[in-house]
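>>> everything below, folded, please.
(one chain, ligands or ions: 1)
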Amino acid sequence: MHRVYFDNNASTPVLPEVFEAMRPHFGEHFGNASSIHHHGQETRAAVERARESVANLLGCRASEIVFTSGGTEGDNLAIFGLTKPGDHIITSTIEHHAVLNSCKQLEASGCEVTYVPVDGHCLVDPDDVRRALRKNTKLITIMMANNETGVLQQVEEIAKIAAEADVYFHTDAVQAAGKVPINVKQIGCDLLSISGHKMHAPQGVGALYVLKGTILQPMLYGGSHERSRRAGTENVPGIVALGKAAELAQNALQNGEVAEMAAMRDQIESAILNEIEATYLNGKGAPRVPNTTNICFDYIDGEALVIALDLKGLAVSTGAACSSGAIEPSHVLTAMGLSPDRARASLRFSLGKQNTPEEVDFALSLVPATVARLRELSPVYNKEAVSN
Ligand SMILES: Cc1ncc(COP(=O)(O)O)c(C=O)c1O
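You can find the predicted model right below:
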């Protein structure tokens with residue numbers, strides 16, 4: 001069966017060049033990077049080259065990069081590494097659960113957390129962040145790009161507010177890395193997390209930028225790996241892959257590849273919005289990453305549409321989560337003011353480097369007819385009411 005994958009915000013395929021870069025580290029280059037003999041030194045050199053490459057992508061020094069097991073660990077290390085009971089933390093209602101559930105845990109252990117809202121475009125108002133500041137505020141953690149809508153927050157503004165108040169600023173850039181240029185010095189953040197598998201490296205590797213001089217309490221205790229910020233023998237194949245993926249991401253931002261992806265995303269978006277009645281763009285008017293579109297199809301159950309499209313070979317997703325057997329509408333879309341029904345009727349299409357214009361045509365040949373069929377089956381869909 002012909003299959004097209006438009007769920008790259010969930011995970012991306014490892015690019016062939018990335019796979020080739022990591023391959024020797026499963027075989028002949030197997031040494032432990034902490035060993036002083038030839039095998040160890042060879043591995044150490046590969047890890048440090050990867051660190052340079054990730055630092056290049058983020059605009060920082062190599063020594064400011066800590067390799068992690070992914071976005072979740074980076075977010076946790078930033079949040080738990082900086083805070084202690086009695087501190088106040090500011091975050092937003094639309095963060096990934098890696099941040100939201102870390103903040104819930106902080107609350108349980110004696111911290112106070114303010115969750116600033118977003119508007120109907122999925123945007124945090126930096127003034128709300130400023131107003132939320134307290135004497136004991138230690139950390140602001142607000143994501144750079146939202147995983148469901150792709151909306152980009154005003155992180156530079158928020159970083160300025162944090163700096164004026166002498167508060168740490170962490171941003172989860174897992175969905176921004178490789179899609180928009182990132183320069184941590186220009187943003188002015190103290191910490192920033194990225195994840196390999198959202199940018200064509202494997203699952204289970206990531207990196208946290210930590211501004212020089214920032215004291216982080218480690219989460220793991222063991223050897224003095226990663227300058228004592230993250231103990232444990234390095235995931236060398238993963239780290240090497242992340243380095244290669246960062247290099248390719250940097251090139252793609254400069255050589256027009258990302259712009260081509262944006263054009264494909266725009267084509268999907270405008271064809272659906274123009275051809276299918278009662279469809280709406282979530283996050284309309286806000287700046288967004290170039291690969292993501294999130295569209296509400298009124299009178300549709302999003303899960304049913306995902307399944308119907310999957311049966312025909314197209315992989316997309318809803319932001320809904322299954323909790324205790326019930327489908328919960330996306331916390332991001334409901335935070336933007338969508339009703340639970342509209343949130344459940346929304347689908348995310350997210351592109352990656354491997355996608356082609358032919359795949360866009362394939363998707364567009366399926367979506368309108370599938371939506372029409374499901375609406376015909378829908379007891380609440382009244383075609384006349386929609387067109388009048
Ligand atoms: C915005 C955001 N943050 C963090 C994560 C977690 O990253 P990982 O899967 O590498 O733990 C994700 C993954 O979906 C994400 O989209």
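
>>> going forward, measure contacts and count neighbours with C-alpha atoms only.
Will do.

>>> which residue ranges of this protein form strands?
Counting by DSSP state E, the chain has these strands, from start to end: 4-5, 65-68, 88-92, 112-116, 137-141, 168-172, 191-195, 206-210, 279-281, 292-297, 314-315, 321-323, 326-328, 346-350.

>>> show the pLDDT at residue 387.
If you check residue 387, the pLDDT there is 57.

>>> separation between residue 85 and residue 138?
Distance from residue 85 to residue 138, counting by C-alpha to C-alpha, to the nearest Å: 11 Å.

>>> pull the contacting residues for the residue most central in space within the chain.
Most central in the chain under C-alpha atoms, centre = their mean is residue 175, positioned 2.6 Å from the mean C-alpha point. By C-alpha atoms under 8 Å, 6 or more residues apart in numbering, residue 175 lies in contact with 9, 144-147, 150, 194, 198.

>>> alongside the ligand, which residues does the stretch 51-200 of the chain contribute?
The stretch 51-200 of the chain comes close to the ligand at residues 70-72, 96, 98, 146-147, 172, 174-175, 195, as judged by C-alpha under 6 Å from any ligand atom.

>>> among the residues you listed, which two are most distant?
Using C-alpha to C-alpha, these reach their maximum pairwise distance at 70 and 146, which is 16.6 Å.

>>> which residues does stretch 337-351 contact?
When contacts are defined by C-alpha under 8 Å, 6+ apart, stretch 337-351 is touched by residues 5-9, 119-120, 148-149, 261, 265, 291-303, 306, 316-320, 329-330, 333-334.

>>> now, which of these lie within helices?
Per DSSP state H, helices hold the following members of those: 261, 265, 302-303, 306, 333-334.

>>> from those, which single one is nearest residue 353?
Looking across the ones in helices among the contacts of stretch 337-351 and measuring by C-alpha to C-alpha, the closest to residue 353 is residue 261, at 7.2 Å.

>>> next, the contact list for the closest one, please.
Residue 261 makes contacts with 290-291, 351-353, 355, as judged by C-alpha under 8 Å, 6+ apart.

>>> which of those has the most neighbours?
residue 291 (27 neighbours; other C-alpha atoms under 10 Å).

>>> skipping adjacent residues, who's closest to the residue in the stretch 251-388 of the chain that the ligand sits nearest to in space?
For the stretch 251-388 of the chain and the ligand, the shortest gap (C-alpha to the nearest ligand atom) falls at residue 319, measuring 10.6 Å. In space, and not counting its chain neighbours, residue 319 is closest to residue 330: 5.0 Å by C-alpha to C-alpha, 6 or more residues apart in numbering.

>>> next one, pLDDT for the one you found please.
95.

>>> just residue 200 next, same as before
Here, the pLDDT recorded for residue 200 equals 98.

>>> same thing with residue 377?
Note for residue 377: predicted pLDDT of 89.

>>> so how many other residues sit close to it?
11.

>>> I'd say residue 185 and residue 57 touch.
No - applying C-alpha atoms under 8 Å, one finds residue 185 not in contact with residue 57, separated by 11.9 Å.

>>> state the distance from residue 238 to residue 289.
Counting by C-alpha to C-alpha, the gap from residue 238 to residue 289 is 25 Å.

>>> which of residue 185 and residue 57 has more neighbours?
residue 57 (23 against 13).

>>> which residues touch the more buried one?
Applying C-alpha under 8 Å, 6+ apart, we find residue 57 in contact with 181-183, 246-247, 249-250.

>>> try it again with 6 Å
Contact analysis of residue 57 by C-alpha atoms under 6 Å, 6 or more residues apart in numbering lists residue 250.

>>> show the pLDDT at it.
We have a pLDDT of 98 for residue 57.

>>> hang on, the earlier thing: highest neighbour count among the ones in helices among the contacts of stretch 337-351?
residue 333 (28 neighbours).

>>> excluding chain neighbours, what is closest to that one?
Distances taken as C-alpha to C-alpha, 6+ apart put residue 343 closest to residue 333, at 5.6 Å, once the chain neighbours are dropped.

>>> state the distance from the one you found to residue 151.
Counting by C-alpha to C-alpha, the separation of residue 343 from residue 151 is 16 Å.

>>> now do residue 94
Separation of residue 94 from residue 151 (C-alpha to C-alpha) stands at 11 Å.

>>> so which of the contacts of residue 261 reach the ligand?
Subset of these in contact with the ligand: empty, counting by C-alpha under 6 Å from any ligand atom.

>>> could these go into CSV alongside pLDDT?
Output for the contacts of residue 261, formatted as CSV (pLDDT from 0 to 100):
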residue, pLDDT
290, 98
291, 98
351, 98
352, 97
353, 96
355, 97
